[in-house]
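Asks: this is a predicted model, with the sequence first.
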Amino acid sequence: MAENDQKTIELNELELLYDRLFPICRSITGPGLRETLAILSDYLPLESFSVKTGTKVLNWQVPQEWRINQAWLIGPDGSKIVDFKWNNLHILNYSQPVDRVLDLEELKKHLYTVPVQPEAVPYVTSYYQPRWGFCLAHHSFESLPHGEYHAYIDSQLIDGELNYAHAILPGESKQEILISTYVDHPSMANNELSGPITAAFLYQRLLGWPKRRFTYRFVFVPETIGTIAYLAHFGPELKEKIYSGLVLTCIGGKADLTYKLSRREDTPLDRIIRHLFSTEAISGRIRPFTPTHGSDERHYCSPGFNLPVGQLARLWGYPEYHTSLDNKELITIESLQQSVDEIEKILRLFETDGYYLNKYPYGEIKLDQYNLYPDLNSRDMSDAFINKAVKDRNQLNQLLVVLNYADGENSLLDMAEKYNYKIAELKYIVEILQEQKLLTGPFLKGEKTI
């Protein structure tokens, strides 16, 4: 099948998954979370886990499970002001049940808007403090007449469970790359669905690779409490196995990628993404690590774990954040596919990086016998590379650099940075040398030296 045809099919499948997931009312617990994980299981083999209400997870405790059936607010004239069926953002997420008649002044204590965005319905939560309430557009709020209102929310808070899931994609090494994303936000596009949809299709891309150097761990959790619960269970295993990792969040917007460094700021993935952005192999910018805001990288990078995990986003710090304006038009399905493309490119080059060994390290190799060196030496070298695997003097220089530094002490990225090469260029050189059986690797640091 032609590549363009495959891309079109994938684009349609991305949109199908988006349309299945968008209407679901998700939260950090409950049926919407389980339904979302079940749908994602159609795209990758998720193993699901549950943690009972009241369970202590690190410094936290799993809250009661929230279930919502229906909710509405009726005005003095008998007309509906908001209805859960219209938009699940209309309900304060984790709202307690209510069935009350009250006047406007009392009602206002339970209404949430965004005055600077009068058309937007805000996303508001109260997971750990009992509240009830409705969210609505500010222009609707301002037009509410005085009188009596009927507030009705049919919800439950029960002793249930918190759910999360992961899928492990094996590679040649037991060292793992973590891909983590969250699945607890209701109907928003960039700040919810972009992460899990990108992760699901990235899994399918990696599954199609002929071989994988690393093992890949795809994690789907409710943000914060789900990650805390996951670390309570798998933390020691992650400390042993995770080589590098990414938290995917807000990765569907019409903008360049941004990468928030890990707490260490010099992990292998920190370095490779810095390099790719600086050489313009991928358009993007670097953000420093900070514990003051972000997503689940804050928990992976907490001092007790200090895992080598950064955060990858596309549209970050945008005005539609946590509102009903965060929709399909804001992100586009094409931008989701672009994220899959660019993350796959990062990981392909990441798999190439590492430490190599020159199989003939004593003296320079006689390269012409491998068709890797010109057999004509003259001032004008334009014809000297005809029918050679290396096409010009620059590629020959790159080849000589790789062979000289392939001593188990210098990574491919070290070579690229030292000589201002692009790692994608050196990837081609490595492939040539390995085809001629002149180079072995890649290895992790310290695995093999001359």
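Replies: Yep, it's here. This structure is a prediction, so every number in the text was calculated from the model and none was measured.
Asks: residue ranges in this structure under the pLDDT threshold?
Replies: 376-384, 386-387 (pLDDT under 70).
Asks: how is it divided into domains?
Replies: 3-63+161-352, 67-158, 355-443 (automatic domain parsing).
Asks: distance between the shortest one and the chain's centre?
Replies: What separates the centre of domain 355-443 from the centre of its chain is 35 Å, taken as C-alpha atoms, centre = their mean, to the nearest Å.
Asks: now stretch 304-316
Replies: Taking mean C-alpha positions (C-alpha atoms, centre = their mean), stretch 304-316 and its chain are 9 Å apart.
Asks: pull it out as PDB, backbone CA atoms only.
Replies: Extracted C-alpha coordinates of stretch 304-316, given in PDB (Å, rounded to 0.1, in the frame of the first residue of the first chain):
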ATOM      1  CA  GLY A 304      12.400  10.000  45.800                       C
ATOM      2  CA  PHE A 305      12.000   8.600  42.300                       C
ATOM      3  CA  ASN A 306      13.900  11.200  40.200                       C
ATOM      4  CA  LEU A 307      13.100   9.300  37.100                       C
ATOM      5  CA  PRO A 308      14.500  10.500  33.700                       C
ATOM      6  CA  VAL A 309      11.100  11.700  32.500                       C
ATOM      7  CA  GLY A 310      10.300  14.900  30.500                       C
ATOM      8  CA  GLN A 311       7.100  16.300  29.200                       C
ATOM      9  CA  LEU A 312       6.200  16.700  25.500                       C
ATOM     10  CA  ALA A 313       3.500  19.100  24.500                       C
ATOM     11  CA  ARG A 314       2.400  21.100  21.400                       C
ATOM     12  CA  LEU A 315      -0.100  23.700  22.400                       C
ATOM     13  CA  TRP A 316       0.900  24.800  25.900                       C
END
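Asks: and the closest residue to Pro303 other than its chain neighbours, how far from Arg274?
Replies: Closest residue in space to Pro303, ignoring its immediate chain neighbours: Arg263 at 7.9 Å, by C-beta to C-beta, 6 or more residues apart in numbering. Where you see a C-beta, it was placed from the backbone N, CA and C, and this is true even at glycine. Distance of Arg263 to Arg274, given as C-beta to C-beta, to the nearest Å: 15 Å.
Asks: check Asp368 too.
Replies: 37 Å.
Asks: show me which of the two is the more surrounded one.
Replies: Arg274 (18 against 11; other C-beta atoms under 10 Å).
Asks: didn't that one look like it was pressed against Arg287?
Replies: No. The criterion here is C-beta atoms under 8 Å, and Arg274 misses it with Arg287 at 11.4 Å.
Asks: which neighbours do those two have in common?
Replies: Tyr259 (C-beta atoms under 8 Å, 6 or more residues apart in numbering).
Asks: hmm, back to that, could you look over the domains of the chain and pick the most buried one?
Replies: Among the domains of the chain, domain 3-63+161-352 has the highest mean neighbour count (mean count of other C-beta atoms under 10 Å), at a mean of 19.
Asks: what's the end-to-end length of that domain?
Replies: Terminal residues of domain 3-63+161-352 lie 23 Å apart, using C-alpha to C-alpha, to the nearest Å.
Asks: secondary structure class for Gly408?
Replies: strand (DSSP: H, G, I helix; E, B strand; the rest coil).
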